[in-house]
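J.: Need the 3D shape of this:
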Amino acid sequence: MSGALTSGRTGQARVATGSRRRIPWVAWVFLTPMLLGVTVFFIYPLIMTVYYSFHSFNIMGTPKLIGWDNWIYLFTKDPTVKKAATNTLWIVAFGVPARIIGAMFVASVLTRARRASGLFRTLFYLPALIPPVASTIAFVHVFNPATGPVNAVLDAVARGTTYVANNWLGMVDAKITMHPGWFTNASWSKPSLVLLGLWAVGDIMVIFLASLLDVPAEQYEAAELDGAGSIRQFWYVTLPNIRPVILFSAVTGIIGGLQYFTEPAVASAVAQNKATVGGGMSGTLGWPGRSTLMYGQYLYSQAFGFGRMGYASALAFVMFVIAAIVILLLLRRFSEFSPEVAS
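T.: Just a heads-up that it's a prediction; the model follows:
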């Protein structure tokens, strides 16, 4: 009897051992499509990008090894890459936080809406459904310094303010003007792009809205019983609960900001009354005064406008490294965040 039990246990052990040995192979089988995709569409292109960065070639020609020439030109001799990188970092530094704060504010207001909340959610989300080219063209015309309705309203406000200053406040000959150049002025072009991003903030607004509605109500009640006001409730209850959404929005926003291309390209072309985008790279991209020239646009112009694929590969690898470093630092910072640390 004991022998039968022993043999039974041994058989079960063999089956279990065999199952454990087969599980990794089954896992590898299921992981194969993903691993192939990562290898073909990420690892191989990344390796070839580094390889081509040490060569001079266009798409049609044979790569010619030139050593570190592309890298030396990138970091020491290229007068344009610094301007493009500065513009891109400006968009990331101001545009991404503005979109996150704007989306969080709109979502917070919508959670308190009592009537027609569904209508308001739809209205705030609709701009995100409009194609970027169409929305940019419309924005440029709306913010046209000469004929746009925005400057018309600002001019009316300025005239009213001037009248009050002259007749009520006794400020003789005071003249107040509000006439920004928007997309036609180098000082206003990037803020105009940030406003365009805020207008189409509905894509991340709906995510913040779902996250805010998911915060447990009992946590707010407990904080209120402890004497916490609205600001403390937001800091100690709301923020820790929506932290994953903030991280997601920040990561996707940084990646999108570093790749920012369509909106500034279309805006610079439309502001010049050009019908095409990219035709005559030096004339359309970045206008006015290269104030809207983004890193991705410059990379594109070098690769496909001037045929400098090797130099464009060096530019692309630098963008990848910067994005990876920033996102890794951001992930580490968020992993260390807690309500105790925030206090």
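J.: what about the residue most central in space within the chain, which helix or strand?
T.: In the chain, the residue lying closest to the centroid (CA atoms, centre = their mean) is Gly253, at 2.4 Å. Using DSSP states H and E, Gly253 sits within helix 243-258.
J.: Contacts only, for the residue nearest to the centre of the chain.
T.: 92, 95-96, 99-100, 204 (CB atoms under 8 Å, 6 or more residues apart in numbering). (Glycine included, C-beta is placed from N, CA and C.)
J.: Could you list the domains of the chain?
T.: 1-37, 76-342 (automatic domain parsing).
J.: Confidence-wise, which of these is weakest overall?
T.: Lowest mean pLDDT of these: domain 1-37, a mean of 65.
J.: And the host helix or strand of Leu331, what's buried?
T.: Assigned by DSSP H and E, Leu331 falls within helix 309-336. When burial is assessed from 16 or more other CB atoms under 10 Å, helix 309-336 yields the following buried residues: 309-319, 322-323, 326-327.
J.: Secondary structure for the contacts of Gly253 - can I get that in a markdown table?
T.: Conversion of the contacts of Gly253 to a markdown table gives the following (DSSP: H, G, I helix; E, B strand; the rest coil):
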| residue | secondary structure |
| --- | --- |
| Val92 | helix |
| Gly95 | helix |
| Val96 | helix |
| Arg99 | helix |
| Ile100 | helix |
| Ile204 | helix |
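J.: of those residues, closest to Ala222?
T.: Ile100 (26.9 Å; CB to CB).
J.: any idea how far the closest residue to that closest one other than its chain neighbours lies from Phe208?
T.: Leaving out its chain neighbours, the residue that sits closest to Ile100 by CB to CB, 6 or more residues apart in numbering is Ser249, at 5.1 Å. Using CB to CB, to the nearest Å, Ser249 is found at 8 Å from Phe208.
J.: Mutual contacts of those two, please.
T.: With CB under 8 Å, 6+ apart as the test, Ser249 and Phe208 both reach Ala103.
J.: Dump the C-alpha coordinates for stretch 131-143 into CSV.
T.: The C-alpha coordinates for stretch 131-143 follow below in CSV (Å, rounded to 0.1, in the frame of the first residue of the first chain):
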residue,chain,number,x,y,z
PRO,A,131,-7.9,66.8,-37.2
PRO,A,132,-4.8,68.9,-36.2
VAL,A,133,-4.4,70.4,-39.6
ALA,A,134,-8.0,71.7,-39.7
SER,A,135,-7.9,73.0,-36.1
THR,A,136,-4.6,74.8,-36.7
ILE,A,137,-5.9,76.5,-39.9
ALA,A,138,-9.0,77.6,-38.0
PHE,A,139,-6.9,78.9,-35.1
VAL,A,140,-4.6,80.9,-37.3
HIS,A,141,-7.5,82.6,-38.9
VAL,A,142,-9.3,83.3,-35.6
PHE,A,143,-6.1,84.8,-34.2
